[in-house]
Each structure stands twice: as structure tokens, then as C-alpha cells.
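> no letters, just coordinates:
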Ligand SMILES: NC(=O)c1ccc[n+]([C@@H]2O[C@H](COP(=O)([O-])OP(=O)(O)OC[C@H]3O[C@@H](n4cnc5c(N)ncnc54)[C@H](OP(=O)(O)O)[C@@H]3O)[C@@H](O)[C@H]2O)c1
């Protein structure tokens with residue numbers, strides 16, 4: 001994304017086995033991670049695949065939502081609809097600049113993370129200490145390409161049904 005002057009960040013909660021969801025839903029309840037996601041994304045253009053949008057069911061307040069679909073007839077009140085990742089990134093860059101920002105967020109799901117990984121500048125990963133069965137995955141983080149910049153660890157609590165780490169990766 002360097003050419004556009006806008007940074008691209010992938011934000012995901014990923015189980016130890018790479019699973020991010022099943023049957024179009026999340027597999028854990030982590031209130032702390034929901035707060036973390038809100039902090040990382042607030043005020044920024046937020047790109048997601050149509051299935052992830054369906055699983056959330058509404059545009060998230062305070063974030064300019066961009067939904068990627070191959071369905072040219074899809075209309076969502078309060079969200080921009082685009083037909084490709086490239087169109088989403090162009091739209092996101094325009095919105096970021098218009099709102100004085102310099103970052104676009106990709107919020108999933110598996111198909112969109114896989115296509116966007118090569119273009120990302122930063123990964124904000126919540127590494128969840130579970131190994132559930134699932135049908136959507138985050139791509140492997142290649143440590144020859146990505147460097148762990150920051151990590152904070154948290155143990156399971158009444159708010160969070162698993163232990164987890166917040167990890168920031170930047171390109172080497
Ligand atoms: N743990 C996390 O952090 C996290 C975050 C987000 C999502 N999730 C989970 O991930 C799962 C959903 O992920 P997913 O991989 O199944 O779906 P997804 O990536 O959310 O959406 C896939 C859809 O995006 C559209 N799409 C994908 N590539 C496209 C392209 N190049 N051009 C145009 N449209 C394109 C298509 O929509 P159409 O079918 O409409 O054409 C496709 O069916 C759910 O279980 C969700 O809960 C987890």
C-alpha cells in the first residue's frame with residue numbers, strides 16, 4: 001500500500017491452529033478483544049468480505065464500512081459495496097485521506113485476509129489459546145517476512161473465555 005501513502009492493517013483474532021470462525025460465526029467470546037478491535041478500528045475505513053458482513057449484520061458505528069462482493073445487485077444501507085479487493089483499497093484510501101487518516105483496516109474474513117496479506121503493512125493479531133474445529137482460517141504468518149513488534153499477554157477471566165495475546169507484526 002506504500003504507493004498510496006496509506007497503511008494497510010489486517011486485524012484478526014486467530015486460534016492456535018489458524019482457525020478464525022465456523023458456520024459464519026466466531027468461536028469464542030472475548031470481551032477484551034472486542035474492545036481492542038473497537039480501539040484499533042474506530043474512525044477508520046473498515047473493509048470486509050460479504051460473509052463477514054452477514055455475520056455481523058450491520059455496519060459498525062464510527063467506522064466507514066466497505067463490503068466486498070461479486071454480487072452487483074447487493075445494496076447495504078450505511079456501507080459501500082465494491083466488486084474487488086483493489087476497488088475496496090482505492091475506496092478506503094480516498095476515505096482515509098478525506099477524514100485525515102492514514103490507515104485502512106481489513107477486518108476479515110478468511111478469503112479477504114488471504115488476498116490482502118501480501119499488501120499489508122501491519123498485522124494486529126489476537127492469538128487465542130484455543131484449537132477449535134472451523135471452516136475459515138487466517139493465513140500463516142511467515143516470520144521471515146513479519147517481525148513481532150509488540151506483545152501483551154492476558155489470562156482467561158470472567159470477561160474472556162480463553163487466554164490470549166495481542167501481537168503487532170510489522171514487515172521486516
Ligand atoms: N476471528 C476473526 O478475527 C474474524 C474476523 C472476521 C471474520 N471471521 C470469521 O470468518 C468467517 C468468514 O470468512 P470467509 O472466508 O468465509 O468469508 P469472507 O472473507 O468474510 O467473505 C467472502 C466473500 O467475500 C466476497 N469476495 C471474496 N473475494 C472477493 C473478490 N476478490 N472479489 C469480489 N468479492 C469477493 C464474496 O462475496 P459474495 O459471495 O457475496 O460474492 C465471498 O463469498 C466467519 O466465520 C467469520 O466469523 C473471523
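Thanks, I have the structure now. Being a predicted model, the structure only gives us computed values, none of them experimental.
> and for stretch 48-61, what are the contacting residues?
Stretch 48-61 has contacts (C-beta atoms under 8 Å, 6 or more residues apart in numbering) with 21, 24-26, 41, 46, 65-69, 71, 74, 76, 78-79, 106-109, 111-112. Every residue, glycine included, has its C-beta placed from N, CA and C.
> in helices only, show me those residues.
Using DSSP state H, the subset of these located in helices is 41, 111, 112.
> what would those residues look like in a markdown table with distance to residue 161 and pLDDT?
Putting these into a markdown table (distance: C-beta to C-beta, whole Å; pLDDT from 0 to 100) gives the following:
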| residue | distance to residue 161 | pLDDT |
| --- | --- | --- |
| 41 | 22 | 98 |
| 111 | 26 | 98 |
| 112 | 26 | 98 |
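> near the ligand, which of those residues show up?
When contact is defined as C-beta under 6 Å from any ligand atom, the ones in helices among the contacts of stretch 48-61 meet the ligand at 111, 112.
> okay, residue 131: pLDDT?
Predicted confidence (pLDDT) for residue 131: 98.
> could you look up the SS state of it?
coil (DSSP: H, G, I helix; E, B strand; the rest coil).
> contacting residues for the residue nearest to the spatial centre of the chain?
Per C-alpha atoms, centre = their mean, the C-alpha nearest to the average position across the chain is that of residue 107, at 2.3 Å. When the contact criterion is C-beta under 8 Å, 6+ apart, the partners of residue 107 are 11, 12, 37, 41, 46, 47, 48, 52.
> quick one: mean pLDDT over the longest helix along the chain.
The longest helix of the chain (DSSP H) is helix 85-98. Per-region confidence: helix 85-98 scores 97 on mean pLDDT.
> next step: the contacts of stretch 48-61 restricted to strands.
21, 46, 65, 66, 67, 68, 79, 106 (DSSP state E).
> ok, back up a step: please work out how many residues are found near the residue nearest to the residue nearest to the centre of the chain when sequence neighbours are not counted.
Spatial nearest neighbour of residue 107, chain neighbours left out: residue 48 (4.7 Å); criterion: C-beta to C-beta, 6 or more residues apart in numbering. A total of 24 residues lie near residue 48 under the criterion other C-beta atoms under 10 Å.
> quick check: phi and psi at residue 48.
Phi and psi for residue 48, reported as degrees, to the nearest 10, are phi -150, psi 160.
> pLDDT below threshold where in the protein?
For the chain, residues meeting the criterion pLDDT under 70 lie at 2-3.
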